[in-house]
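Asker: Here is the input, now give the coordinates:
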Amino acid sequence: MVRRMIRQALVVGVIAMGPLAACSPGEVTAARAQTPAAATSAEVARHPVSGLQVIDLTVMRGDKRLPFRVELADSPQAQAKGLMFRTELGDFEGMIFPSAVLEPRSFWMKNTPLSLDIIFIGPDGRITNIAANTVPYSLDSVSSSGVAAAVLELRAGRAAELGIVPGDRVTYALPR
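Answerer: So this is what the prediction gives:
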């Protein structure tokens, strides 16, 4: 059901984000539309810890492309678990939470030992706000500044290190 909703969102040009319980892109841009189709099921990359599919994601800082390999949390179970219990996350790794519902988003860090940068992405594919350096295990909510079409989680401090700021564009291709 979730995959069908995501595919339908791609057809109309928008990927949206629904609510998440745990810590765990917006507009389909021309850059995303030109991204090669996902690998066949025999070639699907899986994360060794989560078992989730790993996909390419790019943050565009003006003319600069920042490539990442991110885990795709595309099921309710994956979104509920997010990066809980994880103790490592590489410099160009993260997790993306796609959904088919546009609404304000809120996250907590329950059972999450890693500090994260939680990046909220609007319906136009642009970053709306960043909750930087979140507090591990905190039950305090961090929220989007409006409706969010997606949420990207990176290792804490990476957004600042790479100069990622609100207004930057996030693109990725979902598997078919």
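
Asker: When you work out contacts or count neighbours from here on, use the C-alpha atoms and nothing else.
Answerer: Fine.

Asker: Strands of this structure, start to end?
Answerer: 54-61, 64-72, 93-107, 116-121, 127-131, 142-155, 169-172 (DSSP state E).

Asker: Okay, now the unreliable bits of this structure?
Answerer: 1-42 (pLDDT under 70).

Asker: ok, 90 please
Answerer: 1-44, 98-101, 173-176 (pLDDT under 90).

Asker: re the thing from before, deepest of the strands of the chain, which one?
Answerer: Comparing these by mean neighbour count (mean count of other CA atoms under 10 Å), strand 116-121 ranks first with a mean of 28.

Asker: just checking, what packs against that one?
Answerer: Strand 116-121 sits against strand 127-131, strand 142-155, with contacts defined as 3 or more CA pairs under 8 Å, 6 or more residues apart in numbering; DSSP states H and E.

Asker: quick revisit: the strands of the chain: which one's closest to L162?
Answerer: Closest approach to L162 among the strands of the chain is made by strand 64-72 (8.1 Å; CA to CA).

Asker: helices or strands next to the closest one in the packing?
Answerer: Using 3+ CA pairs under 8 Å, 6+ apart, strand 64-72 is in contact with strand 54-61, strand 93-107.

Asker: any idea how far I130 is from A156?
Answerer: According to CA to CA, to the nearest Å, A156 and I130 sit 11 Å apart.

Asker: shared neighbours of these two, which are they?
Answerer: D117 (CA atoms under 8 Å, 6 or more residues apart in numbering).
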